[in-house]
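K.L.:
Provide a 3D model corresponding to the input given below.
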Amino acid sequence: MIHLLYTPFTGLGWHQGFRGDKWYHHRIELFKEFTLLSLLNQTNKNFIHWISFRPEEKYHQLTKELEDHLKSINYPYIFTFGGLCFWDDKYFNDNLLERLKATLPELKDTVGDNDYVLKTIVPSDDMYLKDAVELIQQQDYQNNEALTFHNGYVMKASTGEVAYWNPPPVNTPPFYKLIFPKDIF
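P.N.:
Residues are numbered from 1 along each chain as shown. This next block holds a predicted model:
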């Protein structure tokens with residue numbers, strides 16, 4: 001089995017998932033300071049971080065700088081540029097099949113000869129407890145089931161304020177794990 005931690009960096013949400021260079025720079029800084037550090041501190045580092053972008057970010061200088069940073073710390077990652085690889089239920093996005101057809105072939109070599117692909121969503125501004133990857137990988141495979149983290153904490157980065165996070169059950173939490181047989185993935 002291969003475990004892909006999936007971060008949709010651009011392409012998700014308002015403004016077709018990109019709010020300008022200032023926003024992009026700030027998002028990368030948040031990612032490096034919080035999300036990336038939480039993943040570097042995982043007790044189980046048996047994963048590859050799949051980070052997706054819209055095609056427009058492929059040659060963006062900030063994308064290149066992020067890639068250079070990840071290389072400099074010898075971090076296991078793959079970038080794809082086919083856009084968001086799941087259905088965004090909050091915004092209009094009727095081209096999921098096109099996005100998947102553009103992206104999934106790029107992952108073929110990464111998946112290799114593994115029988116299963118474990119895909120865990122990690123938003124670009126979120127963090128996991130240090131043993132989250134370990135807990136996720138300890139779960140038994142169940143066909144057509146997902147593991148979700150429903151509750152957690154939120155932090156206002158500018159002040160360090162922390163609050164308990166418990167969204168209503170009708171919301172799909174952004175933190176979930178799916179297991180795919182290789183041929184279905």
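K.L.:
quick check: what element follows the helix or strand containing L97 along the chain?
P.N.:
Here L97 sits within helix 96-103, counting by DSSP states H and E. Heading C-terminal from helix 96-103, the first helix or strand you meet, by DSSP H and E, is helix 108-111.
K.L.:
which other residues reach the next helix or strand after that next one?
P.N.:
Using DSSP H and E, the helix or strand that follows helix 108-111 in sequence is strand 116-121. Strand 116-121 has contacts (CB atoms under 8 Å, 6 or more residues apart in numbering) with 1-8, 47, 50, 86, 111, 133, 136-137, 141, 174-182, 185. (Glycine included, C-beta is placed from N, CA and C.)
K.L.:
how far does strand 116-121 sit from its chain's centre?
P.N.:
10 Å (CA atoms, centre = their mean, to the nearest Å).
K.L.:
name the strands paired with it and say parallel or antiparallel.
P.N.:
Sheet pairing for strand 116-121, assigned by DSSP bridges, gives strand 2-8 (parallel), strand 176-181 (antiparallel).
K.L.:
and for the following helix or strand past the first one, what's in contact with it?
P.N.:
Tracing the chain past strand 2-8, the next element assigned as helix or strand by DSSP H and E is helix 21-30. Here helix 21-30 makes contact (CB under 8 Å, 6+ apart) with F9, T10, F18, E57, H60, L62, E65, L66, S124, D125, A157.
K.L.:
make a markdown table from those and add neighbour count and pLDDT to it.
P.N.:
Formatted as a markdown table, the contacts of helix 21-30 follow (neighbours: other CB atoms under 10 Å; pLDDT from 0 to 100):
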| residue | neighbour count | pLDDT |
| --- | --- | --- |
| F9 | 23 | 94 |
| T10 | 26 | 89 |
| F18 | 20 | 88 |
| E57 | 21 | 96 |
| H60 | 16 | 97 |
| L62 | 14 | 98 |
| E65 | 12 | 98 |
| L66 | 24 | 98 |
| S124 | 17 | 90 |
| D125 | 15 | 87 |
| A157 | 12 | 76 |
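K.L.:
which of those residues fall within helices?
P.N.:
L62, E65, L66 (DSSP state H).
K.L.:
any chance of TSV for the residues you listed, columns distance to F149?
P.N.:
Shown next, in TSV, are these (distance: CB to CB, whole Å):
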residue	distance to F149
L62	29
E65	30
L66	25
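K.L.:
L107 reaches I48, doesn't it?
P.N.:
No - L107 is not in contact with I48 according to CB atoms under 8 Å; the separation is 9.4 Å.
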